[in-house]
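Colleague: Just a sequence and a predicted model for now, questions to come.
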Amino acid sequence: MKRTLIVIDMQNDFIDGSLGTKEAEAIVDSVRNLIQEYKNRGDEVIYTRDTHETNYMQTNEGRHLPVEHCIKGTAGWEIADGIYADGCKIIDKPSFGYTGWNQYGFEDVCLIGLCTDICVVSNALIIKALYPEIRVAVDVRCTAGVTPESKAAALETMKMCQIELVGEE
């Protein structure tokens with residue numbers, strides 16, 4: 001069975017940059033370890049990268065979240081040091097959820113990364129809708145939300161939508 005790890009938006013701006021949190025900083029080592037585990041088994045690892053242009057503040061998202069972040073080509077847009085595994089695909093996505101997951105033929109998916117309550121939940125729900133019969137999981141130890149409360153709410157939503165929560169806190 002083909003197993004895929006999807007690493008959502010482990011970018012500098014979400015870890016210790018303009019939208020960083022201590023919770024995001026705290027998961028970095030766990031994320032690195034899980035990526036290495038998947039790579040060691042020969043499993044697929046795919047990364048997403050939140051990607052905005054310099055006109056971010058004029059976009060719908062920018063009007064609702066008026067904090068510049070993940071502007072293409074900046075240091076904050078880059079995947080954090082030590083997170084990217086050579087040879088893996090990176091998807092630059094302009095919104096919370098990537099809508100091209102249907103082209104991957106997933107069989108078993110685990111999502112990790114940032115932020116649990118925005119981009120992780122969005123992508124998990126899209127994948128579950130596209131592949132209703134496969135295992136879709138989120139490793140809770142390798143996610144962080146905007147706040148602990150909003151993370152908990154997102155996890156509850158995913159659980160209700162038959163997304164498996166691994167390593168529940």
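Modeller: Good, I have the coordinates.
Colleague: Every contact and neighbour count from this point should use C-alpha atoms.
Modeller: OK.
Colleague: Next, the buried residues of the helix or strand bottoming out on mean pLDDT in the chain.
Modeller: Lowest mean confidence among the helices and strands of the chain (mean pLDDT, DSSP states H and E): helix 60-64, at a mean of 94. Neighbour counts over helix 60-64 (16 or more other Cα atoms under 10 Å) mark no residue as buried.
Colleague: before we move on, what about stretch 47-58?
Modeller: 47-52, 56-57.
Colleague: same question, stretch 161-169
Modeller: Quick answer for stretch 161-169 (16+ other Cα under 10 Å): 163-165.
Colleague: hang on, the earlier thing: remind me what the least confident helix or strand of the chain packs against, helices and strands.
Modeller: Taking 3 or more Cα pairs under 8 Å, 6 or more residues apart in numbering; DSSP states H and E as contact, there are no helices or strands that helix 60-64 lies on.
Colleague: Identify all contacting residues around that helix.
Modeller: For helix 60-64, contacts defined as Cα atoms under 8 Å, 6 or more residues apart in numbering pick out 56-57, 68.
Colleague: Quickly note the distance from Cys115 to Gln103.
Modeller: 24 Å (Cα to Cα, to the nearest Å).
Colleague: Just want to know which of these two has more residues nearby.
Modeller: Counted by other Cα atoms under 10 Å, Cys115 and Gln103 do not tie: Cys115 has more neighbours, with 27 against 8.
Colleague: That one contacts Cys142, doesn't it?
Modeller: No. Contact criterion Cα atoms under 8 Å: Cys115 and Cys142 do not qualify, at 10.3 Å.
Colleague: where are the low-confidence patches of this structure?
Modeller: Applying pLDDT under 70 to the chain flags residues 169.
Colleague: What are the boundaries of the helices in it?
Modeller: For the chain, the helices defined by DSSP state H occupy 12-15, 22-26, 28-41, 60-64, 121-130, 148-160.
Colleague: Pick the most buried one from those helices.
Modeller: Among these, helix 12-15 has the highest mean neighbour count (mean count of other Cα atoms under 10 Å), at a mean of 25.
Colleague: now that helix: how far from the chain's centre is it?
Modeller: Remark: helix 12-15 is offset 12 Å from the chain centroid, using Cα atoms, centre = their mean, to the nearest Å.
Colleague: need the longest strand for this structure.
Modeller: Criterion DSSP state E: the longest strand present in the chain is strand 135-144.
Colleague: For stretch 4-15, list the C-alpha coordinates in CSV.
Modeller: The C-alpha atoms that make up stretch 4-15 are tabulated as CSV, following Å, rounded to 0.1, in the frame of the first residue of the first chain:
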residue,chain,number,x,y,z
THR,A,4,1.9,9.4,1.8
LEU,A,5,2.9,12.0,4.3
ILE,A,6,1.8,15.5,3.5
VAL,A,7,3.7,18.2,5.3
ILE,A,8,1.5,21.3,5.4
ASP,A,9,3.2,24.8,5.4
MET,A,10,6.1,24.2,7.7
GLN,A,11,7.4,27.6,6.7
ASN,A,12,9.4,30.2,8.6
ASP,A,13,6.6,32.7,8.9
PHE,A,14,4.4,30.1,10.6
ILE,A,15,7.1,28.8,13.0
